[in-house]
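Visitor: Show me how the following folds:
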Amino acid sequence: MRCLGIDLAAQPKSTAICLTSWEEGKVAIEDLRCGLNDEGLVDSMLGADRVGLDAPLGWPDDFIQSVGDHHAQRRKDPLPDRRLLTLRETDRRLQQETGRRPLSVSTDLIGVVALRAVDLQTLMAARGRAVDRTGDGHLCEVYPAAALESWGIDATGYKSAKGRDRLPGILESLEAGIGEIDFGEADRSALERDHNQLDALICSLIARAAALGATSGPDRDDAAKAAREGWIHVPEIQLGDLRSGA
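Guide: So this is what the prediction gives:
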């Protein structure tokens, strides 16, 4: 099985991918790099069995309705609660369960990344692989920091300039949890100095958990909304269990 992780950014320069293979209990990094354009990302996605994408796949229902009403000049009264426009159902659920508040796709800069994710979904559909935004399919939406914390690894501030020194320790914790990972020294150096590439590795590990049916997808009541807004998948198994079923 080949699992692809993508740490998506608005521009190719800061976008990273990590492709891991899982065969006969062995784990290896097959591809780790930055700089892919949209077509390159789609090629990589189609070549993997499961994909974990760190980017929102949609916007809050209330936000879409509100913007549409404003655009069509249908609004007659002020909004009763603007907070309903900032978070999706999956964002609120994650905040309730973990205390970690995801960035708002409607009011934070992550919205620019979401626009690129829309193009990726469009290109995937054009090549015969429509994206199920609930994550029940080839691709699921992921959140590396939440995954790290689910595995007992402190994710506080590791993407900041001051937190860069923590990257080798996070990689060491991942290796200790999974066991031996086959990759070269060039890849190790990249993972220890670039949080984008480390996040791509984490995304690929979440994709592996999703392939094993061990992530937190939406329940029946949330499925319809998740199909529009997207849903963040968080691992529900420990790192050592990712090797099972290889």
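Visitor: bridging residues for residue 23?
Guide: Taking DSSP bridges as the rule, residue 23 bridges to residue 26.
Visitor: what about it, neighbour count?
Guide: Neighbour count for residue 23, taken as other CB atoms under 10 Å: 10. Glycine gets a C-beta too; all of them are placed from N, C-alpha and C.
Visitor: I'd say it and residue 30 touch.
Guide: No - contact criterion CB atoms under 8 Å: residue 23 and residue 30 do not qualify, at 10.7 Å.
Visitor: Disregarding residues adjacent in the polypeptide, which is nearest to residue 137?
Guide: residue 131 (6.9 Å; CB to CB, 6 or more residues apart in numbering).
Visitor: Show me the contact partners of the strand or helix carrying residue 141.
Guide: According to DSSP states H and E, residue 141 maps onto strand 139-142. Residues from elsewhere that reach strand 139-142, judged by CB atoms under 8 Å, 6 or more residues apart in numbering: 5, 45, 50-57, 90, 124, 131-133, 135, 202-203, 206-207, 210, 215, 217, 230-234.
Visitor: again with stretch 98-114
Guide: So stretch 98-114 is contacted by 8-10, 55-60, 63, 85-88, 91, 94-95, 143, 145-146, 149-150, 232, 234 (CB under 8 Å, 6+ apart).
Visitor: Return a ChimeraX selection command for the buried portion of the residues you listed.
Guide: The following ChimeraX line selects those of these that are buried, judged by 16 or more other CB atoms under 10 Å:
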select :8,9,10,55,56,57,58,59,60,63,85,86,87,88,91,94,143,145,146,149,150,232,234
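Visitor: What helices and strands are in contact with the helix or strand just after the strand holding residue 141?
Guide: Downstream of strand 139-142, the first helix or strand assigned by DSSP H and E is helix 144-150. Where contact means 3 or more CB pairs under 8 Å, 6 or more residues apart in numbering; DSSP states H and E, helix 144-150 is packed against helix 89-98, helix 195-211.
Visitor: mean confidence score for helix 144-150?
Guide: If you average the pLDDT over helix 144-150, you get 97.
Visitor: what do you get for stretch 157-174?
Guide: Stretch 157-174 comes out with an average pLDDT of 92.
Visitor: and it, how far from the chain's centre?
Guide: Counting by CA atoms, centre = their mean, to the nearest Å, stretch 157-174 is centred 18 Å from the centre of its parent chain.
Visitor: Check stretch 26-42 too.
Guide: For stretch 26-42, the distance to the chain centre is 14 Å (CA atoms, centre = their mean).
Visitor: cool, stretch 198-211 as well?
Guide: On CA atoms, centre = their mean, the centre of stretch 198-211 falls 8 Å from that of its chain.
Visitor: Does residue 62 touch residue 87 like I think?
Guide: No - under the criterion of CB under 8 Å, residue 62 makes no contact with residue 87, lying 9.3 Å away.
Visitor: all helices for this protein, in order.
Guide: With helices called from DSSP state H, the chain shows them at 38-46, 61-71, 89-98, 110-126, 144-150, 167-178, 185-193, 195-211, 223-229.
Visitor: tell me the most buried of those helices?
Guide: helix 195-211 (a mean of 27; mean count of other CB atoms under 10 Å).
Visitor: Let me know the angle separating that one from helix 185-193.
Guide: 100 degrees (axes from the mean of the first three to the mean of the last three CA atoms, to 10 degrees).
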